[in-house]
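In: This is a predicted model, with the sequence first.
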Amino acid sequence: MRDNQTTRRMPMIVTAMACATASMLAGLALGPSAMAADTTITLQGADGASLAGHTFDVYRIGTYTDQILNGTRISSLGVRGDTASNAWAADAIGIANAYDPSTADDIAKVYGYDDAGNIANIKMDSQARQLRNISKALAQSSRRPAAIQGGANLTTTRSTLTINVPAEGLYYITDSAGNPIMVGTKSGNANIMKNDAKDPQWRTLGVAVVKSKSMRVDKKVQVSRDGRTVGKDGTASDPVGVTVGDTVTNTVEVTVPNKQAASAVKFKLIDQPKGQTYVKGSLSVRLKNAPRTDITADAIVYDGTTQNNAKSIPGDPALKTADNRPADPDLAIPAGGWGIDGRNLLDKYSNRTIVITYRMTVDKASITDPANNTVHTYGTFTDGVRFTTITD
């Protein structure tokens with residue numbers, strides 16, 4: 001007879017491809033006979049981006065039980081927390097519920113569920129704040145158990161990382177350069193599941209897209225002189241020389257920060273030129289892996305003429321850092337440069353790599369004082385209570 005005090009019957013598992021805290025499952029401790037030697041989780045960089053610079057640690061919240069499978073689909077399953085994971089979950093729930101004096105966003109304790117099951121009971125579609133809070137609290141908890149065997153300090157320079165885990169279940173993965181990830185493994189040959197009966201989308205298990213908080217810019221330039229392309233393509237590490245009168249075509253790749261679970265709330269870019277002037281109207285934006293997808297209309301461009309001649313991108317004074325400083329200040333548009341308010345890009349293309357192309361004319365350059373320009377990114381992130389600004 002099943003112990004109803006420690007089992008949470010789950011109608012759905014969602015992978016962390018949806019968001020850093022989208023997969024809420026209770027834990028389960030299974031004996032060695034239930035261990036799946038070939039169970040894996042695959043982490044992927046957004047749009048094939050390298051995972052270099054990320055270090056991952058993997059923790060088990062729980063393992064599956066009572067699965068009902070239909071081919072590649074999981075109809076339902078149960079989970080149960082073991083002693084260590086339930087202690088961790090209970091502590092994290094207490095931490096999360098203390099973030100805000102109001103009880104409106106508290107994570108409830110439900111009769112019949114263990115503490116890992118109470119985390120599983122959080123609704124990913126309607127309780128985003130609770131999801132953010134528990135993801136942060138699980139990282140802060142002093143009761144967090146040790147990483148799984150072979151699951152500490154994992155790194156790669158490739159765009160994917162496959163992690164062997166000891167059993168089918170739900171795992172919590174910390175990322176030194178991004179948000180925590182909760183991801184459920186597949187069960188046997190079944191690797192898709194729905195949120196609930198109303199969910200129109202089957203969601204893939206066992207795979208998670210890494211949600212970086214860094215926004216690295218990759219920029220290349222091509223120089224035109226007298227209507228002809230001259231020289232090689234220049235990069236930051238291998239620049240190309242220019243002279244007064246040249247037209248420089250800049251191509252910038254940058255990954256839009258992740259908005260899932262409201263982690264990223266603001267995204268902006270500023271071009272800072274030296275000895276160059278932006279050719280107004282030349283800027284275009286597309287998706288990296290969809291070259292024919294023009295999304296320029298979603299980029300709110302400031303260049304001294306557009307946006308009613310505004311000289312800066314306005315910030316949000318309501319967003320404050322932990323020490324009560326502005327987390328989203330106004331950003332001045334540099335002379336001869338441009339800025340982008342990426343609010344629409346963040347809404348529509350979160351975690352996607354975009355390609356920005358624009359032209360600059362060289363007005364002033366010399367061997368001792370060459371012309372150049374730098375694109376800076378600004379992202380504002382929330383942990384559910386306060387805000388942090390990250391620039392590159």
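Out: All right, it came through fine.
In: Return the residues in contact with residue 301.
Out: Contact analysis of residue 301 by CB atoms under 8 Å, 6 or more residues apart in numbering lists 283, 307, 338-340. Every C-beta, even on glycine, is put in place using the N, C-alpha and C of the backbone.
In: Please name the nearest non-neighbouring residue to residue 280.
Out: residue 303 (5.3 Å; CB to CB, 6 or more residues apart in numbering).
In: Verify the contact between the one you found and residue 279 for me.
Out: No. Counting by CB atoms under 8 Å, residue 303 does not reach residue 279; the two are 9.5 Å apart.
In: ok, now how distant is the residue nearest to residue 280 from residue 179?
Out: Distance of residue 303 to residue 179, given as CB to CB, to the nearest Å: 33 Å.
In: which of those two has more neighbours?
Out: Neighbours per residue, other CB atoms under 10 Å: of residue 303 and residue 179, the larger number sits with residue 179, 27 against 22.
In: Tell me the spacing between the spatially closest residue to residue 258 that is not a sequence neighbour and residue 142.
Out: Nearest residue to residue 258, sequence neighbours excluded (CB to CB, 6+ apart): residue 211, at 3.7 Å. Distance, residue 211 to residue 142, using CB to CB: 25 Å.
In: Equivalent analysis for residue 42, please.
Out: Going from residue 42 to residue 142 by CB to CB gives 30 Å.
In: Which residue of those two possesses the greater neighbour count?
Out: Using other CB under 10 Å as the criterion, residue 42 and residue 142 rank with residue 42 on top: 13 against 7.
In: Identify the residues contacting the residue nearest to residue 280.
Out: Contacts of residue 303 by CB under 8 Å, 6+ apart are 278, 280, 283, 333, 337-339.
In: can we see that at 10 Å?
Out: For residue 303, the contacting residues are 271, 278-283, 309-310, 333, 336-340, 358, by CB atoms under 10 Å, 6 or more residues apart in numbering.
In: Settle this for me: residue 62 is touching residue 166, isn't it.
Out: No. Contact criterion CB atoms under 10 Å: residue 62 and residue 166 do not qualify, at 11.8 Å.
In: between the two, which one's more packed in?
Out: Between residue 62 and residue 166, counted using other CB under 10 Å, residue 62 has the larger neighbour count: 30 against 20.
In: Just the element for the more buried one, please.
Out: Per DSSP states H and E: residue 62 is located in strand 56-70.
In: And the next helix or strand past that strand?
Out: Assigned by DSSP H and E, the successor of strand 56-70 is strand 73-80.
In: Look at the residue lying closest to residue 298 once chain neighbours are set aside and tell me its secondary structure.
Out: Closest residue to residue 298 apart from its sequence neighbours, by CB to CB, 6+ apart: residue 344 at 4.1 Å. At residue 344, secondary structure determined by DSSP: H, G, I helix; E, B strand; the rest coil is helix.
In: show me where pLDDT drops low in the stretch 101-250 of the chain?
Out: Applying pLDDT under 70 to the stretch 101-250 of the chain picks out residues 124-125, 195-201, 212-220, 224-242.
In: and residue 153, how many neighbours?
Out: 9.
In: For it, list the residues it contacts.
Out: So, once contact is read as CB under 10 Å, 6+ apart, residue 153 ends up touching 55-57, 147, 176.
In: can you give me the helices for this structure?
Out: If DSSP state H is used as the criterion, the helices of the chain fall at 83-97, 115-120, 128-140, 306-309, 343-349.
In: does residue 221 have beta-bridge partners, and which?
Out: Residue 221 has these beta-bridge partners by DSSP bridges: residue 234, residue 250.
In: and residue 123, how far is that from residue 131?
Out: In this view, residue 123 and residue 131 are 9 Å apart by CB to CB.
In: Give me the more crowded residue out of those two.
Out: Each of residue 123 and residue 131 has its neighbours counted (other CB under 10 Å); residue 131 has more, 28 against 13.
In: Any figure for the gap between the more buried one and residue 142?
Out: Using CB to CB, residue 131 is found at 21 Å from residue 142.
In: How about residue 382?
Out: Note on residue 382: its distance to residue 142, by CB to CB, is 23 Å.
In: Can you tell me the closest non-neighbouring residue to residue 282?
Out: Using CB to CB, 6+ apart, the nearest residue to residue 282 is residue 359, at 4.2 Å.
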